[in-house]
Structures are given as C-alpha cells and as structure tokens.
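Need a 3D model of the sequence below.
(chains A, B, C and D)
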4 protein chains.
Amino acid sequence: MSTGRVEAFSDGVFAIAITLLILTVSVPARHGPLGHELLRLWPSYLAYAVSFLTIGIMWVNHHALFRHFARADRPLLFLNILLLMLIAFVPFPTAVAAEFARSDSERRAAALLYGSTLTLTAVLFIGLWLYGSRRLLRPDADRREVTGITRSYLPGVPMYGGSTLIAFASPIASLLLYAAIALFYAISSSFFGSRD
Amino acid sequence: MSTGRVEAFSDGVFAIAITLLILTVSVPARHGPLGHELLRLWPSYLAYAVSFLTIGIMWVNHHALFRHFARADRPLLFLNILLLMLIAFVPFPTAVAAEFARSDSERRAAALLYGSTLTLTAVLFIGLWLYGSRRLLRPDADRREVTGITRSYLPGVPMYGGSTLIAFASPIASLLLYAAIALFYAISSSFFGSRD
Amino acid sequence: MSTGRVEAFSDGVFAIAITLLILTVSVPARHGPLGHELLRLWPSYLAYAVSFLTIGIMWVNHHALFRHFARADRPLLFLNILLLMLIAFVPFPTAVAAEFARSDSERRAAALLYGSTLTLTAVLFIGLWLYGSRRLLRPDADRREVTGITRSYLPGVPMYGGSTLIAFASPIASLLLYAAIALFYAISSSFFGSRD
Amino acid sequence: MSTGRVEAFSDGVFAIAITLLILTVSVPARHGPLGHELLRLWPSYLAYAVSFLTIGIMWVNHHALFRHFARADRPLLFLNILLLMLIAFVPFPTAVAAEFARSDSERRAAALLYGSTLTLTAVLFIGLWLYGSRRLLRPDADRREVTGITRSYLPGVPMYGGSTLIAFASPIASLLLYAAIALFYAISSSFFGSRD
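Model prediction:
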C-alpha cells in the first residue's frame, strides 16, 4: 500500500479525534449562575487545549516520519492502526481529567490514565519509527535527518513515562508536566523541524 | 511542510467542527406536545445556523489566506493549530447560547462566551495573516490583493470585540449582531472575493 | 474558487453527517431484557437506514451537479453552504423520528419535521443547480445531460413536499413515503445515472 | 463515477466511524473511587480495541478490493452505500457490548447483536466483491490475485456467522471469537497481503 493512502486515512483520524475533543467540554447544568459555572469549567478548557496541542503535534510528527518511508508493509500498517487506536482514545482520558482534576481524591487516577495513554502513544511512535526506518526507508532518505529524528523521538517515552510516575507523588505536578511537554514541543524546533 | 497538507488537515477540522454543530440541537424530552417542544427549540436552530455560516465563512477565508503563502513554517503551523483550536471550540459556546438564550438572567454570560470565542478567532486570523503575509508570501503574489485582504480582515477584531462588549448593555443586541455579521459576510463581496 | 476544493469540503460534511447518524441510535437503558429492548428500537434502525440512504443519494447527486460547473462563484458558495447546513441537520429530525415514531400523539410532528427538512434540502438542490447551470456551466457540458438533470431533479420538491403534507392526514403514510423515495432513488437509474 | 472518488468518500466514513468508537467509552459517574471505576470499564476498552481493529482491517480490505475495479457503476455504488451503512453502525453494537458484557443475563443479546452486524458486513463485502470482480474488473487485473481475494474473503461469512451462533451456547466464547478473528486478520498475511 502506498504511504500516501495510509497518511490520508491517518490524517482523517487525527482531524476527527482532535475535533471530537470539544465533546469533552459539557454545557453546564442550570445550577448556579452561568457565568460562575462557565468559570468553574477551567479544567475542561485546559484539558481541551493541552490535548488539542498534543494531538496537533503528533499529527505533524506522523507526517515527518512517513515522508521518509518508501512504502507501507503489513507490520507497519498494524503498528499504525495501533497508534491511531491510541490517538483516537485521547478524548477519553481528556474527559476524565477535565471531570476529576478538581477532586483531591480522584486527581491521581485521572493523571495516571492520561499519562499512561500518552506514554503508550510515545512507545508506539518510536516503535513505528524504529521499524519503518530500518525496513522501509526511501533510498534517497537523508541519513543525518533519520538519525536526528531517532534522537529527538527517543526522549518521548521517558518524558511521558516519568511525568506519569510523578502522579504518585503529586498528581497536580504530573498534569502540569503534560501541559508543559505539549507547549515545549509546540514551540521548540526539535519537532516542527527547521527545514520542513 | 507544504501548504497543501496543512490546508487538507485544516479543511478536515473545519468540516468536522461545522458538522458536529448538530449535536448542539438536542432531542426534546417527552414533556409537552412534541410540536410545541420543537418550536421552543428556535434558539438552537438559530444558533446552529449562525455558527454554521460563521465557520463556513472562516473556511473560505482560511483558503483565501493560504493560497498566498509559498510554504508553511513552524510559527505558522503553531498559529494555525491555535486557530483550529478555536474553530473546533465553537460548538461549545453555540450549545451554551442555544441553551441559555431564553434565560433573562443567564443570557449575558452566554453572549459573552460566544463573542469572546469569535473575537479570539478573529485575532488569530489576522495574526496568522500578518505573520504569513510578511514572511511566507509567494513571489508571484499580487500585492494589491494582499493589501486588500489585510484591509478587509482588520475590522474583524473590533467588530466581534465590539459586539461582545455590547453584551454588557444588551445581551440580545449582542447575539443579533453575531448573526448579522455572519449574514453580512456571507452575502457581501469582501470575503468571498470577486475574482475568486 | 475551484470546484474541486468545494467538492472536497462538501464530501467531508456529507461523510461526517452520514456517520454521525449512528449517534441517533442510543444504547437501551437497563429496564427490561436487552433482547426485547433491542427489538423495540426498530424505529431507530429504520430511521438510520432511511437517512443513511438519503444522504448517500444526495452525495452522489451533489457530485453529479458539480462536475458540470466550470468554477464556483460567490452565490454558488453561499447556496452550497446553505445546502450543507441542511444535510448536516438531518441527524436531528432522524433522532426525533426514531424517538417519537411509536407515539400516536407525537408521530405527526416528527413526520412534519423530517419532511420539512428534506423538502427544504430539495429546494436548495434545485436552486443550486438552476443557478449553476445558467451561470457556471463548463463550455463543454453536454446540453442533453444538463436538461436531463433539470428534468430529474425538479420532481424532488413536490415529492418531498407532498409526502410532508400527507403527514397531516396520516403520519405513518408520510414516514413510509420518505423511505420509499430513498429506496426508489437508490435503485432507479435516474439518479445514479447510466453513464456515470 | 471514478473509483477514486468512491474510495475517498468511503475512507472518510471509515475514518469517522473508527474515531467515533471512543464515544462508546463513557466517563464514569462519581460513584466509587475513580481508579476502581476506570478498571471496571475494561469491557469498554476491550470492545473499543476489537472494533477499532475490525474497522481498520475492513478499511484495508476495502482498498484491496477497489483497486481491482476499473470503475464504479450504479449497483456497485448501492452495494457500497449498504456496506458503509453497516460499518458506520458498528459503534452501536460496540457500545451495547461494552455496557452489557458483564451482565450474565444480557450478555447473549449483546453478543448476538455484535455478531449479526459483523456477519452482515461480511456478506456485503463478499457480495460487493463478487459483483465487482465479475463486471468491473480492470483489464490488467492479475487473475491469480483476483482468485486469491475471493478465496480469502469467502470464509468471512461462515466465520462471523458461526461465532454469532455460538452465542446461543456461550456468549463469552462468542465475544472472545470476535476478538480472536480481528487479531488473526490483523496479524495474518491473508488480509494485509504480502505484495501490497
């Protein structure tokens, strides 16, 4: 299968998952004054923004990987479906984090769920890259760029994994770290690439 | 990254956000006669139509901007993700406006939320254009058209910002203004362009 | 704007609206035995199938129209946005019909809502075609085919309008007619075209 | 109509249906400790993963079929719309299976619904292929490959049909079989093809 078609399908899943995030922000019930209720929703807005940035960055990365592949074989398709399964899953931990971020007793479980999802996603990203970059590289791929990608993706797993583990000590620190990672990647050059 | 791919992804988000708007119109509960309940939903229909038009116009505009860019660099991608984050957010203030437009006490907060979202969107639109038109313009871009776009986009922020502020005096006037702006843009030539 | 881009965006809205229809089939509550509850949902399955077929046919038609246009101008874009606004609206009357089709007292209102939506959609379809076929026809468009499309689209409005009015006499007959029209179009050659 | 356009529309429906699956995993209510509630959702996670894999495999298959067709005629379009109607339906039986998999009394009905949906999908897949491979084959289609596809698709119906019938004896065995089939296809070479 051509990489173009795999990318088009993947782009569709990325675009839908990112847009479905808005369903995690729910209209306040008619309890108190609306203005007050809307302000109380700040964890929903924050979770929406962090997950939106995170999926957006992953979309950019996904393209950055695939353009180095000459074609897609069976194991790559399988790894890619697993990766998309995790990307499309993100709205769920986002909704859980938004709902429970303010609860002292439940914040930890929410942070662990969110972090585990992103850690697994990072594992699949690097797995897909390691497989594809060894087996399916385009003959004209720039070796320096390939090594550069490997170097810049490897820290993803320990970074997300570490932030997840921190939830055992401080769930708030853990949640802030997810936001910081998204912001860092969105702004830093390592991911969006300087030549791209 | 080529602008084509950024546009395709953005188009996906626009198309999904505009279609998700229907989820803001909810099936009436079995309280009174259905015919009556369906008529009482008029704020939902109106909010749906106004937001649909608004996102539709923004989609046309988004394309009008990007076809003048030679390529997409990192800051542009970042600005674009922020812009999409706001476009995909629109279903939420739409649902809030539909739900609370008939409540005298809550209408103001709903109008402020709706207007703030559109004002921020307008800020990002002009920001993306000012950045892109200075740094990434195609060599063959028509300078007159570029100036024309800048001139026709600049009023967006004060128009939406002003309509939002009017909510403090009269939330109804504010909501009517959002509808009027959408209708005006949809019909007027300034946005859909005469040559396009 | 090129028709290709308008079609791609429209295709997105069609594909999303048709897939969102599944959200109108809701998981039964834990009242009675699940098997029984699932069978009681037959109006939901039927409404899903009829709306799916209807949107599917409209997608085919939409393409059949646009391939005769040389380009898209401002009024066409506006008519197209209004048309998409109605296509994307279909999940709502579908959900209402599924929910109230079994209620003797509310069936009429549900049938009227469903029929009005489809009648308006048919009006916009013929309006878009009449506008486009007069102003934007490709120079090499086959006149015979153009006349054929006009002839096969004109009955849409009276057919849907008539079926809607029948709801005043018999809501059940009206609902069955919507299903019959969808099936007739899906099978008949007039819409899917013999050369296409 | 060109197969390219039919495939693009179908891809859209596949991508949306697969991503909507996440809506079947619902945020736990604030009953017990969140960690415990999240673990109790395992049937939702499993149903999500199985349906995601299943739709993903069907997407790959859909492409494998269509690339052998020279064009799309009316009956093929109709069969394809029916096929998409079933693909887009999958989130419903997935939600039902997730909700009722733990209930001893309701598990059977859930397994029957899930299996019937997949069996019907398999029927339409083979039907679409048998029709298309007889009428619309590309002149340069490799006969060996065509026969190979027929051979590898035919078992789909008895496999899903059989697993569905097993629900009468053991609903749990039936549900496990759906998962096993998805996993088998995802890993085995018969579907993802060795040359593709």
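
ok, A:F92 touching D:L21?
No. Using C-beta atoms under 8 Å, A:F92 and D:L21 do not qualify as a contacting pair, with a distance of 10.4 Å. C-beta coordinates here come from the backbone N, C-alpha and C atoms, glycine included.

So which residues of chain A form helices?
With DSSP state H as the criterion, chain A has helices at A:3-20, A:34-40, A:42-66, A:74-87, A:91-100, A:107-135, A:143-153, A:156-169, A:171-187, A:189-192.

With mean neighbour count added, can I get those in a markdown table?
Putting the helices of chain A into a markdown table (neighbours: other C-beta atoms under 10 Å in any protein chain shown) gives the following:
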| stretch | mean neighbour count |
| --- | --- |
| helix A:3-20 | 23 |
| helix A:34-40 | 16 |
| helix A:42-66 | 21 |
| helix A:74-87 | 21 |
| helix A:91-100 | 25 |
| helix A:107-135 | 20 |
| helix A:143-153 | 14 |
| helix A:156-169 | 18 |
| helix A:171-187 | 19 |
| helix A:189-192 | 17 |
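
Minimum distance to C:P33: which of the ones you listed has it?
Minimum separation from C:P33 across these (C-beta to C-beta) falls at helix A:91-100, 29.3 Å.

Give me the pLDDT for A:D196.
Predicted confidence (pLDDT) for A:D196: 41.

next one: A:L41
On the pLDDT scale, A:L41 is placed at 94.

Kindly report the same for the one 4 residues further on.
Each residue has a pLDDT score; the one for A:Y45 is 96.

That one and A:V25 touch, don't they?
Yes. With contact defined as C-beta under 8 Å, A:Y45 reaches A:V25; the gap is 6.9 Å.

So in chain A, where's the weakest helix or strand by average pLDDT?
Ranked by mean pLDDT, DSSP states H and E, the weakest helix or strand in chain A is helix A:189-192, scoring a mean of 46.

List the contacts of A:F100.
Shown in contact with A:F100 (C-beta atoms under 8 Å, 6 or more residues apart in numbering or on different chains): A:E106, A:R107, A:A109, A:A110, D:L34.

Can you name the residue of chain A nearest chain B?
A:A15 (3.3 Å; C-beta to the nearest C-beta).

how far away is the residue nearest to that residue when sequence neighbours are not counted from A:I55?
Here the nearest residue to A:A15 in space, its sequence neighbours aside, is B:G12; by C-beta to C-beta, 6 or more residues apart in numbering or on different chains that works out to 3.3 Å. Distance from B:G12 to A:I55, counting by C-beta to C-beta, to the nearest Å: 12 Å.

Farthest-apart pair in the contacts of A:F100, please.
The distance between the two most remote of those (C-beta to C-beta) is 8.6 Å, for A:R107 and D:L34.

Of the contacts of A:F100, which is the nearest to chain C?
Relative to chain C, and with distances defined as C-beta to the nearest C-beta, the nearest of the contacts of A:F100 is D:L34, at 22.1 Å.

who's in contact with that closest one?
D:L34 makes contact with A:V96, A:F100, A:S103, A:S105, A:E106, A:A109, A:A110, D:P28, according to C-beta under 8 Å, 6+ apart.

Now render those as CSV, adding pLDDT.
Below are the contacts of D:L34 laid out as CSV (pLDDT from 0 to 100):
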residue, pLDDT
A:V96, 97
A:F100, 94
A:S103, 91
A:S105, 92
A:E106, 94
A:A109, 96
A:A110, 96
D:P28, 90
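
So A:E99 is in contact with D:S26, correct?
No. Between A:E99 and D:S26 there is no contact under C-beta under 8 Å: 11.0 Å.

Is it correct that A:Y185 is in contact with A:I57?
Yes. Contact status for A:Y185 versus A:I57: in contact at 4.9 Å, counting by C-beta under 8 Å.

which bits of chain A sit near chain D?
Chain A comes close to chain D at residues A:1, A:5, A:8-9, A:12-13, A:16-17, A:20, A:23, A:73-74, A:77-78, A:81, A:84-85, A:88-89, A:91-92, A:95-96, A:99-100, A:103, A:105-106, A:108-110, A:112-113, as judged by C-beta under 8 Å from any C-beta of the partner chain.

Quick one: end-to-end distance for stretch A:95-113.
11 Å (C-alpha to C-alpha, to the nearest Å).

any idea how far stretch A:11-21 is from the chain center?
Computed by C-alpha atoms, centre = their mean, to the nearest Å, the chain-centroid distance of stretch A:11-21 equals 12 Å.

List the neighbours of that stretch that are in contact with it.
By C-beta under 8 Å, 6+ apart, the residues outside stretch A:11-21 that reach it are A:48, A:51-52, A:55-56, A:58-59, A:62, A:84, A:87-88, A:90-91, A:94, B:5, B:8-9, B:12-13, B:16-17, B:20, B:84, B:88, D:11-12, D:15-16, D:18-20, D:22-23.

Please repeat the previous calculation with a cut-off of 7 Å.
Here stretch A:11-21 makes contact (C-beta atoms under 7 Å, 6 or more residues apart in numbering or on different chains) with A:48, A:51-52, A:55-56, A:59, A:62, A:84, A:87-88, A:90-91, A:94, B:8-9, B:12-13, B:16-17, B:20, B:88, D:11-12, D:15-16, D:18-19, D:22.

export it as CSV, just CAs?
The C-alpha trace of stretch A:11-21 is given here as CSV (Å, rounded to 0.1, in the frame of the first residue of the first chain):
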residue,chain,number,x,y,z
ASP,A,11,-4.9,12.4,8.8
GLY,A,12,-8.6,11.8,8.9
VAL,A,13,-8.4,10.0,12.2
PHE,A,14,-6.1,12.8,13.6
ALA,A,15,-8.5,15.5,12.4
ILE,A,16,-11.6,13.8,13.8
ALA,A,17,-10.0,12.9,17.1
ILE,A,18,-8.8,16.5,17.6
THR,A,19,-12.2,17.9,16.8
LEU,A,20,-14.1,15.4,18.9
LEU,A,21,-12.2,16.8,21.9
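
Next to chain C, which bits of chain A? Give me the list.
Within chain A, no position is adjacent to chain C by C-beta under 7 Å from any C-beta of the partner chain.
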